[in-house]
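Q: mind folding the following:
(chains A and B)
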Amino acid sequence: MELRHILFRSRLLLVGLSILGVLILIALLQPVLNRLLIGDINPVSMGTYKAYEEVSPQHPLGTDRWGRDWLALLILGLRYSLIIGALAGVAATFIAVILGFVAGYKGGRTDAAMRTFTDMVLVIPSWPILVTMASYIKGLSIPLMALLLALFSWAFGMRTIRSQVLSLRAQPYVDLAKVSNLKDREIIFQELIPNLLPYIGVAFAATTVGAILAETGLELIGLGPGGNIITLGLMVNFALRWGALALGKVELVFAPVLMLILIFVSMNLINIGLEEVFNPRLKRVTGG
Amino acid sequence: MKNYPVLTYVLKRIGLYIFTIWGAFTIAFVFFHSVPGDPISAYVATMEAQYSYKIPDADVVIAEYKKMMGLDGTLLQQYFRYLENVLLKFNLGPSFLSFPTPAEKYIFEALPWTVGLLGIATLISWTLGFTIGGIMGWRRDSPIAAGITNLALIFSQIPAYFMGLALLFIFAYGLLWFPRRGAFDPGIAKAFNWDFISSVIQHGALPALSLVLVSAFGWLISTRAIVVSILGEDYLVYAKAKGLTGGAILRHYVLRNAMLPQVTGLALSLGFVLNGAYLIETLFQYPGMGTLFLSSLAMLDYNTTQGIMLMSIALVLTATLLLDLLMPLVDPRVAREGKG
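A: Below you'll find the model as predicted:
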């Protein structure tokens, strides 16, 4: 299917991709935008401006308690949140694809054992375990954080991919490939993976959303990587700790919150859109 | 055994339940014991740092407490003691928060608040989402239904914590209609009278509403999807041919069939009820399991932390077990599959 066709088959997919595209563009352009906003100053460094300055043309979102330009910080936070989410999403999707393939392709006992294990992982409440781990590991780095998040979010994707591999394996063209003496590796990469791409895409989008959500949750209770790694969740945490709600500094709390909601909504629209396009039975079910 | 398919099914399912509980508890054990350093030494070190005082013979103290907490001996000995205590005696060990009060005591004090708040919020969201979602599916071609569905797609993705923040800002800081934190007014004695109950309702309103506003939209979307898929069924054509009114078809044919998968979903989400509690409770400083979990974690209260985790695992697994055992009674199709 041509990309243009895919996009216009689903309005939800188009809207979701547009919003996410703008967010990613902002995150990529962070160094440029930072220079435009506050010059060569590091947005994280404290005491650059007066604390709690009102919203003005110089500071479109005001400044925080430590005299930092909140908009410049917001763009940096968006960048870090997306980086952590994407890294965790890639890692989790990788685990899901490998395990899903092995289980679905091998079948039999291997499949049964791996499915039981995955079901077990799915019912174990991951959030308290994640919180405990994050609180015991001091000084989380970004890759470590992403890996930790990925360890708790591959299970759902593995199930989807496993069931797809299972149904694809029974297709006549796979039998044909086997009869024509193709190696397992060739069958997997030439016949199966291309057909699975939309499902891998859905798994990636879903795990990325889950990772950003979990990272935000950890930051909210003060368990993030810390240091100079400013994420959107950490900004909400800062604002709440300063009592921004009681001070009436709405923009400090709700600017990062709105940014996060945009991420969640856009990625979810992409997910529903992908399912609409590739699973036509669902077409119009979701209102698109 | 071949002659008793139901018995075989039940036994198999219960066997799987026991196996999963064992597996999950073992994973939890491995996890807690792979944490670098042991909790007692960490606790002693924290105390020493806090009061800048070097405890004489700290090793002896640590060894004594380790024995009391069941943390002495080899890993294998600890593992079997852990299984025996947790699975057979339901004994989670003493809490560190106030030694030697058992950890269960704190957990059972916090549990009713969480189950009450989240259970009621879940039931309200389900009822609202199911009813409205059913109607939206039934009238899927009207522009209002399309508008509400698109709105639901956005709202269902807002984390309840953020919804809570917005509600807190508007109704507790701006309009001062609701209290900002806690589960009841500490000035009112705990008693079964209207003063106390109304205080509990006032304090619970905002946290419950923030959960309801998000998850009702989630139920709305899934119910609508099920209803739309039912609309093409032959029995609806037949019902129409019989001359039934639209309302009767919606109630007796469409919603009844949509009910089954959604009740399953409801039971599952009631099982996962403890999981939703952590952040919302922190935001409103609600004295439930989520708040207890975080404070026990901050105090390095190993037994309470572990107890809460085991509790939520057991709750989820038990809910799925009950669901699998009860579903065949409600839905004859599942029973047939089980036999086949």
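Q: can you give me the helices for the stretch 151-288 of chain A?
A: The residue ranges that make up the helices of the stretch 151-288 of chain A, judged by DSSP state H, counting those that start in this stretch, are A:155-169, A:172-179, A:184-186, A:193-220, A:232-241, A:244-247, A:250-278.
Q: for residue A:23, which of the ones you listed is the nearest?
A: Between residue A:23 and the helices of the stretch 151-288 of chain A, the tightest spacing by CB to CB is seen for helix A:250-278, at 6.3 Å. In short, each C-beta sits where N, CA and C put it, glycine included.
Q: got the buried residues for that closest one?
A: A:250-257, A:259-278 (16 or more other CB atoms under 10 Å in any protein chain shown).
Q: what angle separates that helix from helix A:193-220?
A: Angle, helix A:250-278 to helix A:193-220, by axes from the mean of the first three to the mean of the last three CA atoms, to 10 degrees: 160 degrees.
Q: from the contact counts, what lies against helix A:250-278?
A: The contact analysis (3 or more CB pairs under 8 Å, 6 or more residues apart in numbering or on different chains; DSSP states H and E) places helix A:250-278 against helix A:3-9, helix A:11-28, helix A:70-106, helix A:193-220, helix A:232-241, helix A:244-247, helix B:143-155, helix B:160-167.
Q: can you list these in TSV and add mean neighbour count?
A: Compiled in TSV, the helices and strands packed on helix A:250-278 are given as follows (neighbours: other CB atoms under 10 Å in any protein chain shown):
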stretch	mean neighbour count
helix A:3-9	12
helix A:11-28	17
helix A:70-106	22
helix A:193-220	22
helix A:232-241	22
helix A:244-247	16
helix B:143-155	16
helix B:160-167	21
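Q: and the pLDDT for residue A:94?
A: Among the per-residue scores, residue A:94 shows a pLDDT of 92.
Q: ok, now the one 5 residues further on?
A: On the pLDDT scale, residue A:99 is placed at 91.
Q: pLDDT at the residue nearest to residue B:263 when sequence neighbours are not counted, what is it?
A: Closest residue to residue B:263 apart from its sequence neighbours, by CB to CB, 6 or more residues apart in numbering or on different chains: residue B:330 at 7.7 Å. Model confidence at residue B:330, given as pLDDT, is 70.
Q: what parts of the stretch 151-300 of chain B come near chain A?
A: By CB under 8 Å from any CB of the partner chain, the residues of the stretch 151-300 of chain B that approach chain A are B:153-154, B:157-159, B:161-162, B:165-166, B:168-169, B:173, B:221, B:224-225, B:228-229, B:272, B:274-275, B:278-279, B:282, B:293-294, B:297-298.
Q: got a ChimeraX select line for the buried ones in those?
A: The following ChimeraX command selects only the buried members of these, with burial defined by 16+ other CB under 10 Å:
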select /B:153,157,158,159,161,162,165,168,169,221,224,225,228,272,274,275,278,279,282,293,294,297
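Q: re earlier: export the helices and strands packed on helix A:250-278 to a markdown table and tack on distance to residue B:110?
A: Supplementary listing: those in a markdown table, determined by distance: least, CB to CB, whole Å:
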| stretch | distance to residue B:110 |
| --- | --- |
| helix A:3-9 | 49 |
| helix A:11-28 | 38 |
| helix A:70-106 | 31 |
| helix A:193-220 | 19 |
| helix A:232-241 | 23 |
| helix A:244-247 | 25 |
| helix B:143-155 | 29 |
| helix B:160-167 | 19 |
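Q: worst average pLDDT in these?
A: Across the helices and strands packed on helix A:250-278, the stretch with the lowest average pLDDT is helix A:3-9; it has a mean of 67.
Q: hang on, residue A:65 packs against residue A:50?
A: No: in this structure, residue A:65 sits apart from residue A:50 without contact. The criterion is CB atoms under 8 Å, and the distance is 10.7 Å.
Q: the more surrounded of these two?
A: The neighbour comparison of residue A:65 against residue A:50 (other CB atoms under 10 Å in any protein chain shown) goes to residue A:65, with 17 against 9.
Q: where in chain B is pLDDT low?
A: Along chain B, the parts satisfying pLDDT under 70 run over B:1-3, B:35-39, B:69-70, B:96-97, B:99, B:189, B:276, B:331-340.
Q: OK, now which residue of it is nearest to chain A?
A: residue B:149 (3.7 Å; CB to the nearest CB).
Q: center of chain B, which residue is that?
A: residue B:273 (1.4 Å; CA atoms, centre = their mean).
Q: excluding chain neighbours, what is closest to it?
A: What sits nearest to residue B:273 in space, not counting adjacent residues and going by CB to CB, 6+ apart, is residue B:118, at 4.6 Å.
Q: so what does whichever helix or strand the one you found is part of touch, helix or strand wise?
A: In this structure, residue B:118 sits in helix B:103-138 according to DSSP states H and E. Using 3+ CB pairs under 8 Å, 6+ apart as the contact criterion, the secondary-structure elements in contact with helix B:103-138 are helix B:143-155, helix B:194-230, helix B:256-271, helix B:277-284, helix B:289-298, helix B:302-330.
Q: good, we can wrap up now.
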